[in-house]
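K.L.:
how does the following fold in three dimensions:
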Amino acid sequence: MKQTYTISGMTCNGCRTDVEKRLQAVPDVLKATVTLENEQAVISMNSHIAIETFQKALPDKYDIQEKKNVFDNSAFAKAEPKKSKLEQLKPLFLILGYIVVATILLNYQREYWDEAMLDFMGMFYIVFSFFKMLDLKGFPESFRMYDPLAKVLPIYGWLYPFLETALGLMFLMRFEIEIALIATLVILGITTLGVTKTLLDKKSIQCACLGTALKLPMTEATFIENAIMILMAILMLLP
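P.N.:
The predicted structure follows:
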């Protein structure tokens with residue numbers, strides 16, 4: 001017999017491979033095929049296996065459920081509207097909004113706002129690194145899906161949240177600003193190349209800009225946020 005399940009919690013191809021391997025190892029399972037894009041698993045088995053058995057075979061970060069039948073998607077069932085791109089990116093916009101407001105509050109009494117960009121960049125790095133720190137194990141796998149350097153140098157993905165934290169502190173403490181600006185150009189420049197290629201290839205993957213705690217799709221917004229930081233760095237490096 002064959003049964004289709006939905007699996008939540010997967011953030012990258014490494015997660016997909018791990019889930020597939022664990023499901024395949026469950027006794028009486030003939031074949032398990034897991035796809036990341038639609039968070040789905042198709043399992044062939046000798047006889048019916050309780051959903052609890054599959055759940056126990058998976059780490060706590062994954063949740064497996066039987067896929068709803070055709071009647072669940074019919075007019076007899078309450079339809080769950082698909083989230084628009086704007087709704088999916090709401091957490092990102094809220095966070096950026098809070099950073100902008102905080103920057104204004106820190107600088108509105110100053111005669112000159114020449115340091116406002118340093119405050120914005122510092123808080124940007126600190127806040128974004130915080131979300132990455134929430135899942136230090138899952139972030140590198142998700143990050144290497146699109147970052148060119150993380151693909152060839154896995155340790156870079158592990159170090160990246162700490163690099164962001166360090167850069168954030170450098171900007172906020174006004175410590176070695178020129179080095180921090182150059183590092184921003186290099187680090188975000190590499191990431192932006194990967195984001196651009198992903199968008200041009202029209203791949204549907206999760207953005208790791210806020211780690212894996214918030215499931216954000218890779219969209220033009222990711223490119224724009226990186227471009228803003230790069231533009232600020234260039235402007236401050238100009239004589």
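
K.L.:
pretty sure residue 196 sits against residue 223.
P.N.:
Yes - contact criterion C-beta atoms under 8 Å: residue 196 and residue 223 qualify, at 6.3 Å. From N, CA and C alone the C-beta is placed, and that goes for glycine too.

K.L.:
ok, now which ones touch the nearest residue to residue 34 once chain neighbours are set aside?
P.N.:
Among residues not flanking residue 34 along the chain, residue 20 sits closest, at 4.1 Å (C-beta to C-beta, 6 or more residues apart in numbering). If you count contacts by C-beta atoms under 8 Å, 6 or more residues apart in numbering, residue 20 has them with 32-34, 41.

K.L.:
from those residues, keep the buried residues only.
P.N.:
Among those, those buried by neighbour count (16 or more other C-beta atoms under 10 Å) are 32, 34, 41.

K.L.:
wasn't the last one part of a strand?
P.N.:
Yes - with the criterion set as DSSP: H, G, I helix; E, B strand; the rest coil, the secondary structure at residue 41 is a strand.

K.L.:
and the helices in the protein?
P.N.:
Ranges of helices within the chain are 13-24, 51-57, 85-88, 90-107, 116-133, 138-143, 148-152, 154-172, 177-200, 220-237, based on DSSP state H.

K.L.:
what's the most buried one of the ones you listed?
P.N.:
helix 138-143 (a mean of 25; mean count of other C-beta atoms under 10 Å).

K.L.:
specify the residue ranges that define each domain of this structure.
P.N.:
The chain breaks down by automatic domain parsing into domains covering 2-73, 85-237.

K.L.:
worst mean pLDDT among the ones you listed?
P.N.:
Sorting the domains of the chain by mean pLDDT places domain 2-73 lowest, at a mean of 84.

K.L.:
spatially nearest residue to residue 32 (excluding sequence neighbours)?
P.N.:
Residue 32 sits nearest to residue 23 (C-beta to C-beta, 6+ apart), 3.8 Å away.

K.L.:
the residue of the chain most remote from its centre and residue 171: what is the separation?
P.N.:
Distance to the chain centre peaks in the chain at residue 111, reaching 38.2 Å (criterion: C-alpha atoms, centre = their mean). Residue 111 is 21 Å from residue 171, where distance means C-beta to C-beta, to the nearest Å.

K.L.:
before we move on, what about residue 16?
P.N.:
37 Å.

K.L.:
kindly report the same for residue 98.
P.N.:
Per C-beta to C-beta, residue 98 is found 17 Å from residue 171.

K.L.:
wait, doesn't residue 171 sit right on residue 116?
P.N.:
No - if you go by C-beta under 8 Å, residue 171 and residue 116 don't touch, sitting 11.3 Å apart.

K.L.:
still on that earlier bit, show me what contacts the residue farthest from the centre of the chain?
P.N.:
Counting by C-beta under 8 Å, 6+ apart, residue 111 has no contacts.

K.L.:
from residue 1, how far off is it?
P.N.:
Residue 111 is 74 Å from residue 1, where distance means C-beta to C-beta.

K.L.:
go on, residue 61?
P.N.:
28 Å.

K.L.:
neighbour count winner among those two?
P.N.:
When neighbours are counted by other C-beta atoms under 10 Å, residue 61 and residue 1 differ, and residue 61 comes out ahead with 14 against 10.

K.L.:
what's the closest non-adjacent residue to the more buried one?
P.N.:
Among residues not flanking residue 61 along the chain, residue 9 sits closest, at 4.6 Å (C-beta to C-beta, 6+ apart).
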